[in-house]
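# Provided below are the primary sequence and the corresponding predicted coordinates.
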Amino acid sequence: MGYVLKLRELIGPRPLIVVGAAAVVLRQQQLLLVKRTDNLLWGLPAGSKELAEDLQTTAIRELREETGLLGRQPKLLTVVSGTGMQYTYPNGDQIDSVTTVYQLSATGELRADQDETSAAKFFPLAKLPATLTPITKRILNDLRSTQKL
């Protein structure tokens, strides 16, 4: 069981400040997204860091867990927090996310884990799905505004 899940056992659904990482994987002007099983929205492969885990490792681990791809050569793109980074999960758990965003190169066979993600797919940057998670929208807007995407 992960660190955040252990905290949830103690405090219930109240807001938590959660530090995590997201992976940006680009191939031929296409962005990798995963379809989440909890809210059925598309988002970047991402998740919370574990105790004693550095954030680069978090991004690489989450990419592998959610897509089967092996990430390497992490490059820090941005850290996103504040307005627009609050979220309530379908089960009522609330977070205020601080997310580091890394661009990764990736190898391997793309597959969704069928636990957290039901699909993993590359989308043209100009034709991303309308059904993005709010946090993914905020991250992508920040990346576009700083011309990192």
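All right, it came through fine.

# What does the residue nearest to the spatial centre of the chain show for phi and psi?
With distances taken as CA atoms, centre = their mean, the residue of the chain nearest its centroid is A46 (2.2 Å). Per-residue torsions, A46: phi -160, psi 160 (degrees, to the nearest 10).

# Okay, and the beta partners of the closest residue to it other than its chain neighbours?
Once its chain neighbours are removed from consideration, A46 has its nearest residue in A22; the separation is 3.7 Å (CB to CB, 6 or more residues apart in numbering). The way it works is simple: take the backbone N, C-alpha and C, and place the C-beta from them, glycine included. Taking DSSP bridges as the rule, A22 bridges to A46, V101.

# does A22 really touch T99, like I thought?
Yes. Shown here, A22 and T99 form a contact pair, counting by CB atoms under 8 Å, at 5.4 Å.

# Identify the contacts common to these two.
Listed as contacting both A22 and T99 by CB atoms under 8 Å, 6 or more residues apart in numbering are A46, I139.

# on that earlier part again, what pLDDT does the residue nearest to A46 get?
According to the prediction, A22 has pLDDT 98.

# For stretch 126-138, list every residue counted as buried.
By neighbour count with 16 or more other CB atoms under 10 Å, stretch 126-138 contains the buried residues L128, L132, T133, P134, I135, T136, R138.
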